[in-house]
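Asks: here is my input; please provide its structure:
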Amino acid sequence: QDFILQQPQAKVSVTAGQTLILNCTTSEQAGPGPVRWLKGWGSGNQTIYDQKGYSLPRVTRAVNGSNTDFTIHIRNVQPEDMGTYYCVKFVKGDSGEDEVFQQGNGTEVSVQAKPSPPLMSGPGQRAGPEQTVPFACTSGGFFPEKIKVKWLRAEPSPVEVNKTVTFTCLLKEFYPANVSVSWLENGIEMKVENVSRPSELPRGLFQLRSRVEVQATEERNGSTITCMVVHDAQAPANYSAFLWISNPAQG
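Replies: You can find the predicted model right below:
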């Protein structure tokens, strides 16, 4: 009876970290000589399993001791495990060395690796109006290299009409304590009833939290509320937020 070696999987795709299963079965032995699993073919191949007793640490037999089922498991697959794997039957040649008797057609293995959670970074210092500022998004550990990145801006949630909205401006770690904070609505200065005073921090620096309350009337929909800060000899700094109002009566 002719010896038959079957390696049925042409292509296999797995996710990094999973266990890869490579199938190979044979008929009864074709004489002395081991069955091996090779990664690659030719002079650059790597033996990952040898019936004589050798295997890489992550490689195990599916059916230990079987003389016909040489299916193997490769644990914790990584992108570097990609390649073509061959199940090969060797026999003793005239020289006493193992020679290839029959090999499978090869199984091409691809590994998908998910990108790490994106790490966002923004400008390292405050920016003025109309100034261009850099934002960076870093992610790694993924495969293949083709990846799609989207930048999204979080829109503020609308406020119900006639509700009171509190805007807060926090100034941290400044010196000296003298600082001027003003609030503007669409460029016009607003009246602030409760004027905050700076509080001293442990290292001798100061912090100030200024608040302004705005009634969310329909006329104010889309208004720009700006916190303007003047400190020491520095140029004025400001930060703006938009007031979006929803009207329950309109759905």
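
Asks: how is this structure carved up into domains?
Replies: Domains of the chain are assigned by automatic domain parsing as 5-112, 159-250.

Asks: where among those is average confidence lowest?
Replies: Least confident of the domains of the chain, judged by mean pLDDT, is domain 159-250 with a mean of 88.

Asks: rewinding a little: looking at the domains of the chain, which is closest to residue 122?
Replies: Minimum separation from residue 122 across the domains of the chain (Cβ to Cβ) falls at domain 159-250, 13.2 Å. In short, each C-beta sits where N, CA and C put it, glycine included.

Asks: mind checking the end-to-end distance for stretch 50-67?
Replies: In stretch 50-67, first residue to last residue: 13 Å (Cα to Cα, to the nearest Å).

Asks: what's the answer for stretch 151-165, then?
Replies: In stretch 151-165, first residue to last residue: 28 Å (Cα to Cα).

Asks: so who does the nearest residue to residue 98 once chain neighbours are set aside touch?
Replies: In this structure, residue 98 finds its nearest non-sequential neighbour in residue 90, 4.0 Å apart by Cβ to Cβ, 6 or more residues apart in numbering. Shown in contact with residue 90 (Cβ atoms under 8 Å, 6 or more residues apart in numbering): 33-36, 98-101.

Asks: helix or strand right after the strand or helix carrying residue 85?
Replies: Following DSSP states H and E, one finds residue 85 within strand 83-92. Proceeding N to C from strand 83-92, the next assigned helix or strand is strand 98-103, under DSSP H and E.

Asks: who is the residue nearest to residue 98 paired with across the strands?
Replies: Beta-bridge partners for residue 90, by DSSP bridges, are residue 100.

Asks: now do residue 21
Replies: Per DSSP bridges, residues listed as beta-bridge partners of residue 21: residue 73.

Asks: hang on, it packs against residue 71?
Replies: Yes - in terms of Cβ atoms under 8 Å, residue 21 counts as a neighbour of residue 71; the distance is 6.6 Å.
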